[in-house]
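# Predicted model and sequence follow; I will ask about them next.
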Amino acid sequence: MIRLARDLALGLVAVAVLATLLSSSYLLDVTTYGGVLAIFVLGVAVTFGQLGFVSFGHAAFLGLGAYTAGLLVTHLGWNYWAVLPLAALPGLLLGALLGVVSARLSGASFAIATLVVAELLTVVVMNWVDLTRGPMGLMVMVPPLPLAGTLGWNAQQGYLFVVGAALVLSFVLLRNLREGATGRAWAAIREAPALAESLGIATARERVFNIALSGGLAALGGALLVPKVFVLAPALFGATHSATGILGVIVGGKATLLGPVLGGLLFAVLPEALRFLGELNFAAFALLLLLVVRVLPGGIVGWVMGRPAFVRWQAARAAAVQRLLPPPAPLAARPHRDAVALQLRGVGRDFKGLKAVQGVSFEVRCGEIVGLIGPNGAGKTTLLTLLSGFLAPTAGSVSALGTDIAGLSPHRVARRGVVRSFQQTAVCATQTVAMNMAIAAHGHRPVDFFGALLHTPAWQRRERERLAHALGCLHEVGLGERADALAGSLPYGEQKLLGVAMALAAAPEVLLLDEPAAGLNHAEALRLAGVLRALRGKGLTLVVVDHNLKMLMSLVDRVIVLHHGVLIADGAPADVTQRPEVVQAYLGVPASPVTEAVS
């Protein structure tokens, strides 16, 4: 909290000094407008930059905030400065509604949905003349800020201070959120949504929260725009403002929070700076935007971050942060429990007549390692997908430690102790290995929203515990020295191991591994086998699907064989591989044992 108080104090002092030094009415107007656009673009960046959802109609929130403030002032007689926080509420509610819709819409569909909402609000404002005065516009009288006279400021200077203070507060609190579990969850949803769900992150809830927060910030920007525009018109909901938000994020750099702030300021300052070109100023501004987007794909801040001097500074800062990280917490051995960890009874899954899995029943006891094998197309991955919640069974029941998990969403299944890895490498490629592990440890400690917002001591303690657990799981698979590397830069075999480590960080009772040795060379497979043996020694319950039967048979206690979605064998490895029905399933004719034929 000391850092939060320091940054807020420094920001507010800087804004107060700026408001005091600027005496020109023109400079005050441009600077204040830049601050308003910075808040609006920052709101767009929450969804576009942090979550990866493009919005073509973010002006809906801007206009909604402006009209909310204007209507409360003109119809209810409330003081404008007092209604500013209230004006953000409709944006929060509309954002939450769009967040719920985003569960079924993504990509272009979501972008178009936001555009439709903006057009609908335009129609409402245009036609509800008794309330909004329609196309004639709603005139809003804004009194000077009461504090302004006390400090010797005029009305414009007081207005600038409020806008600057709102920008500082929004930026600092949003930065705090981004640095914690919430920001890491957004990054996981942006880069690997299925992985996020498998690790226990409630992606739908995080999307709702993100888009609601984005809408609230944009609505606050709209409310702060009222003193500048004076008369509210339906054009506030127009595509021009939405385009400004998107372009401001792109030009500034969407991977950061500072970039959108810079982008918003530029959209206020550059058109004014180009006024000497007369009628050509907008053409010149458009050309500059095209050049920035073409030459600087990472935005202005992204370009700065790529400079050698900045890279050296960032490396030194990362080294300093590394020294402050908590020591890895070793993965504790599981106490022996004589209980059923996973139980399937008559589980089936149909795809429009195709029976991918049919009547599968078996149990996995705590501390047991079970191999799930079968020819290609046997239904192994489909069964793991059913167990982890990514598909709901059309028949039968699944329980984990006595709790029914059939039909639950993946994140709820993960929170009940059943976590899976994926056949293809699933990592957040642009994040460091340590960040991937921190994402995976999302549910290791409770996520406290207000604690994260304020960086309270309790939040900091939980964060250190979460990171210590994550680093301990990373060391468990032998990747402790790779914590600072980008996950996407790791060799394929190490990415597979990272996937196992991330699943471990989610604290599973039952770990489902889908072809962990697929694509690995002999040395990498041996390394993976060593990791799995160590996990077995700590009493972890594993269900492993793999085609590397030689490695698998050396690890497992039991083998379950699927063929055409039907369980055809369940028993000890030496027994199962000798059964004629298993040999025939693999080879089509009676032959030598499976292990010999495949290896």
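All right, it came through fine.
# do you know how far the closest residue to G451 other than its chain neighbours is from G180?
Sequence neighbours aside, W459 is the residue nearest to G451 in space, at 3.3 Å (criterion: Cβ to Cβ, 6 or more residues apart in numbering). To be clear about C-beta, it is placed using only N, CA and C from the backbone, and glycine gets the same treatment. Computed as Cβ to Cβ, to the nearest Å, the W459 to G180 distance reads 7 Å.
# Quickly list what's touching both of these two.
Between them, W459 and G180 share these contacting residues under Cβ atoms under 8 Å, 6 or more residues apart in numbering: A452.
# quick one on the thing from earlier: the residue nearest to G451 and A181: what is the separation?
9 Å.
# Would you mark the buried spots in the host helix or strand of the residue nearest to G451?
Under the criterion of DSSP states H and E, W459 resides in helix 457-476. Residues of helix 457-476 classed as buried: 459, 462-463, 466-476 (neighbour count, 16 or more other Cβ atoms under 10 Å).
# And for stretch 166-183?
Buried positions in stretch 166-183, judged by neighbour count with 16+ other Cβ under 10 Å: 166-168, 170-178, 180-183.
# and A441, what does it touch?
466-467, 469-470, 473, 505-506.
# no wait, D484
318, 322, 432-434 are the contacts of D484 under Cβ under 8 Å, 6+ apart.
# Which of these ranks first by neighbour count?
In terms of neighbours by other Cβ atoms under 10 Å, the contacts of D484 top out with V433 at 28 neighbours.
# From E363, how far off is that residue?
From V433 to E363 the distance is 36 Å (Cβ to Cβ).
# Ok, L120 next?
Using Cβ to Cβ, L120 is found at 54 Å from E363.
# what do you get for G488?
As judged by Cβ to Cβ, G488 and E363 stand 39 Å apart.
# Now do the helix or strand containing A434: everything it contacts.
Assigning secondary structure by DSSP H and E places A434 in helix 433-440. Residues from elsewhere that reach helix 433-440 (Cβ under 8 Å, 6+ apart): 184-185, 187-188, 196, 199, 201, 325, 427-428, 431, 466-467, 470-471, 473-474, 479, 482-487, 490, 498, 501-506.
# Mind checking which of those residues are buried?
184-185, 187-188, 196, 199, 201, 427-428, 431, 466-467, 470-471, 473-474, 479, 482-483, 486-487, 490, 498, 501-506.
# Walk me through the domains of this structure.
Domain assignment for the chain by automatic domain parsing gives 2-306, 337-417+508-599.
# what about A429, is that helix, strand or coil?
coil (DSSP: H, G, I helix; E, B strand; the rest coil).
# how close does it get to P516?
In terms of Cβ to Cβ, A429 sits 19 Å off from P516.
# Next: N281.
Taken as Cβ to Cβ, the span from N281 to P516 is 59 Å.
# could you point out which element follows the strand or helix carrying P90?
Per DSSP H and E: P90 is located in helix 80-101. Downstream of helix 80-101, the first helix or strand assigned by DSSP H and E is helix 108-127.
# M437 - how many residues pack around it?
M437 has 26 nearby residues by other Cβ under 10 Å.
# Excluding sequence neighbours, find me the nearest residue to it.
A470 (3.8 Å).
# I figured the one you found hits A505, correct?
Yes: between A470 and A505 a contact is recorded at 5.0 Å, counting by Cβ atoms under 8 Å.
# thought D350 was touching A356?
Yes: between D350 and A356 there is a contact under Cβ under 8 Å: 7.2 Å.
# related to what we said a few turns ago, would you mind listing the residues in contact with the residue nearest to G451?
Taking Cβ under 8 Å, 6+ apart, we find W459 in contact with 180, 448, 451-452.
# Out of these, list just those in helices.
The helices, defined by DSSP state H, take in 451-452 from the contacts of W459.
# Same list, the contacts of W459, but as TSV with pLDDT and distance to V46 please.
Formatted as TSV, the contacts of W459 follow (pLDDT from 0 to 100; distance: Cβ to Cβ, whole Å):
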residue	pLDDT	distance to V46
G180	89	15
D448	78	20
G451	85	20
A452	85	15
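# Which of the contacts of W459 sits closest to A574?
Proximity of the contacts of W459 to A574 (Cβ to Cβ) peaks at G180, which lies at 50.2 Å.
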